[in-house]
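Student: The following block contains a protein sequence and its predicted model.
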Amino acid sequence: MEKTDVAIVAAMRKEVQPLLDKINAESCGFIAGKPFFRATVSGKTAVIVVSGIGKVSAALATQAVIDKFAPDTIINFGTVGGFGDNVSAKKYYAVEKCCQYDFDLSALDDVSVGYNQDYDAVFFPAETDAADFLEKRVLATSDRFTCKPQDITTVNSLGCSLCDMEGAAIAQVCLSNKIPLYMIKGVTDVFGSKSNAQQFAENLKAVSDGFPDTVLRLISNL
């Protein structure tokens with residue numbers, strides 16, 4: 001087993017490329033079929049993995065990087081949708097906890113949407129102390145690009161204002177392996193304005209271009 005200080009997991013190459021360019025990351029092939037890179041950042045060794053979209057891909061990449069590199073800390077960053085008036089497009093937030101709102105045993109066990117009996121909890125925790133320069137929000141994760149009214153109702157009922165397709169799966173893996181996780185999310189689209197897909201297309205590059213400074217500041221604080 002190799003060792004690294006930080007492992008970074010991001011879903012899409014478009015999200016992570018500005019960071020790879022800024023830190024002069026070296027392409028190192030594939031791990032579990034996912035491209036990965038190495039760099040030294042603020043004196044810390046870092047491995048960056050592009051997981052692909054969705055909970056299974058994110059969990060697979062996270063466990064693979066834990067097994068191979070035994071990181072002291074994992075960072076997940078990426079784009080999200082926003083809900084409500086306490087989030088804004090093209091702004092970055094630290095996630096303090098997250099849930100899988102498409103994990104639903106309520107009809108079987110009379111439990112809350114998102115409740116996972118193996119953890120006796122709805123939410124998985126994330127660290128925020130080294131990301132204290134960002135406002136904190138709660139994240140909901142599902143395997144769909146959320147823009148339907150019934151999804152909004154569920155997300156709001158859980159007290160979430162951010163939504164993505166990977167975060168809570170990564171958090172579950174980190175909790176199971178007892179590895180600290182930091183999550184930074186940049187909002188590309190806010191429900192209730194133009195279509196989520198249109199906002200996402202318009203804002204993806206701008207939000208992705210802003211990730212490096214935010215992620216590097218977090219790493220320097222670790």
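Tutor: Yep, that arrived.

Student: Going along the chain, name the helices of the chain.
Tutor: 13-22, 55-69, 106-109, 149-157, 167-177, 196-221 (DSSP state H).

Student: most packed of the ones you listed?
Tutor: Mean neighbours per residue, mean count of other C-beta atoms under 10 Å, is largest over the helices of the chain for helix 167-177, with a mean of 24. Where C-beta positions appear, they are placed from N, C-alpha and C, glycine not excepted.

Student: Could you list every helix and strand that that one packs against?
Tutor: In terms of contacts (3 or more C-beta pairs under 8 Å, 6 or more residues apart in numbering; DSSP states H and E), helix 167-177 is packed against helix 55-69, strand 73-82, strand 92-100, strand 124-125, strand 135-141, strand 181-190.

Student: swap the cut-off to 10 Å and go again
Tutor: Counting contacts by 3 or more C-beta pairs under 10 Å, 6 or more residues apart in numbering; DSSP states H and E, helix 167-177 is packed against strand 6-10, helix 55-69, strand 73-82, strand 92-100, strand 124-125, strand 135-141, strand 181-190.

Student: Please list all residues in contact with residue 184.
Tutor: Listed by C-beta atoms under 10 Å, 6 or more residues apart in numbering, the contact set of residue 184 reads 10, 75-78, 80, 92-95, 126, 131, 134, 211, 214-215, 217-218.

Student: Try it again at 8 Å.
Tutor: 75-77, 92-95, 131, 134, 211, 214-215, 218 (C-beta atoms under 8 Å, 6 or more residues apart in numbering).

Student: what number of residues lie near the residue lying closest to residue 116 once chain neighbours are set aside?
Tutor: Closest residue to residue 116 apart from its sequence neighbours, by C-beta to C-beta, 6 or more residues apart in numbering: residue 103 at 6.3 Å. By other C-beta atoms under 10 Å, 18 other residues sit near residue 103.

Student: residues contacting residue 103?
Tutor: Going by C-beta under 8 Å, 6+ apart, residue 103 touches 113-116.

Student: re earlier: out of the helices and strands packed on helix 167-177, which is closest to residue 44?
Tutor: Of all the helices and strands packed on helix 167-177, the one in closest proximity to residue 44, counting by C-beta to C-beta, is strand 6-10 (5.4 Å).
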